[in-house]
Each structure stands twice: as C-alpha cells, then as structure tokens.
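S.K.: Structure for the following, please:
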Amino acid sequence: MGDQENIRIVREGFEDFKKGDLATLLSKFAPDIVWVNPGPSELPLAGKKQGHAQVAEHFKKLHELVELTQFEPKEFTGHGDMVAVFGHSEGKVRATGKSFSDDWAMSFRMKDGKVIHHMQYNDTAALVKAFAGSKSQTA
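M.R.: Down below sits the predicted model:
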C-alpha cells in the first residue's frame with residue numbers, strides 16, 4: 001500500500017472512533033495488533049494491549065474513565081508502512097472531575113492495509129494530575 005492509502009485508512013479510523021463505531025474501527029486493525037500507551041502505573045490506560053479483544057477493552061475503559069470534549073487529529077503524514085498523526089485532546093476524568101488539555105502524537109505501523117502496531121505519545125504528567133485521587137487510577 002502507498003503512503004496516501006495508509007493515511008486514508010488511519011484517517012478513517014479516527015472518524016470511526018469519533019462516531020463510536022468500534023466494530024468498523026477494529027476492522028482496520030490486524031487481529032494481533034499491538035496497542036501501546038506508554039505511561040506510569042498511575043494512568044489506568046497505560047500499557048500494552050494485544051489483539052482485538054484487549055484493544056476493544058481499552059476503548060471501553062477510555063469511554064468509562066474519560067469524557068473527551070475535544071479530540072482533534074490535526075496533521076497526518078506517512079512514509080512507507082508508517083503513519084504519524086499529531087493532534088490535540090481536551091476532556092475530564094469522570095471520577096475526579098479534573099480537566100486536562102493534551103497535545104499528542106500517534107504512530108501507526110501498517111501491513112497489507114491493516115494497522116499492526118500503534119504507539120501514543122502524550123503529556124502523561126497532565127493526565128496523572130487529572131487522574132489523581134481516582135479509584136480507577138490503580139485499576
């Protein structure tokens with residue numbers, strides 16, 4: 001697949017996420033996808049997930065824990081099997097009511113038109129502050 005085709009697939013995935021269409025989003029991922037959100041143990045969404053079931057659980061947990069008021073991918077770029085996306089999010093942690101604002105980057109590795117690896121880079125310190133005091137923080 002070419003750069004533009006890979007970017008199109010990732011861009012459509014963001015639209016699926018915004019619409020809450022998890023089934024269509026998961027169809028863009030390889031069955032053994034690796035999904036990584038680096039961060040300290042204070043962040044309940046940090047860690048490595050593998051496969052559709054674990055990634056689906058990640059999205060379910062994200063929705064349960066966080067109310068996103070803004071989630072905007074701003075720039076997509078691709079080269080070979082890699083797509084990078086740069087964006088901005090705002091929201092609040094449901095359990096604490098604390099707000100956060102976060103610029104982020106995500107990388108997607110593609111193979112045969114499917115995402116096989118995802119890595120997210122964001123301001124984990126801001127998210128730790130927003131989750132501070134939440135019972136889900138240690139979940």
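S.K.: and the helix or strand of the chain with the lowest mean pLDDT, what other elements does it pack with?
M.R.: Ranking every helix and strand in the chain by mean pLDDT, DSSP states H and E puts helix 124-131 at the bottom, with a mean of 89. The contact analysis (3 or more Cβ pairs under 8 Å, 6 or more residues apart in numbering; DSSP states H and E) places helix 124-131 against strand 82-93, strand 99-111. Where C-beta positions appear, they are placed from N, C-alpha and C, glycine not excepted.
S.K.: Looking at the ones you listed, which is nearest to G133?
M.R.: strand 82-93 (9.2 Å; Cβ to Cβ).
S.K.: And the contacts of that closest one?
M.R.: By Cβ atoms under 8 Å, 6 or more residues apart in numbering, the surrounding residues in contact with strand 82-93 are 6-7, 10, 14, 65-78, 98-110, 122, 130-131, 134.
S.K.: Now with 6 Å, please.
M.R.: Strand 82-93 has contacts (Cβ atoms under 6 Å, 6 or more residues apart in numbering) with 6-7, 10, 66-77, 99, 101-109, 130-131, 134.
S.K.: and the angle for it with strand 99-111?
M.R.: If you take axes from the mean of the first three to the mean of the last three Cα atoms, to 10 degrees, strand 82-93 sits at 150 degrees to strand 99-111.
S.K.: Scan this protein for its longest helix.
M.R.: Determined from DSSP state H, the single longest helix within the chain is helix 3-19.
S.K.: Could you point out the helix or strand that follows that one?
M.R.: The helix or strand immediately downstream of helix 3-19 is helix 22-27, counting by DSSP states H and E.
S.K.: just checking, next helix/strand downstream of that next one?
M.R.: Taking DSSP H and E, what comes next after helix 22-27 is strand 29-37.
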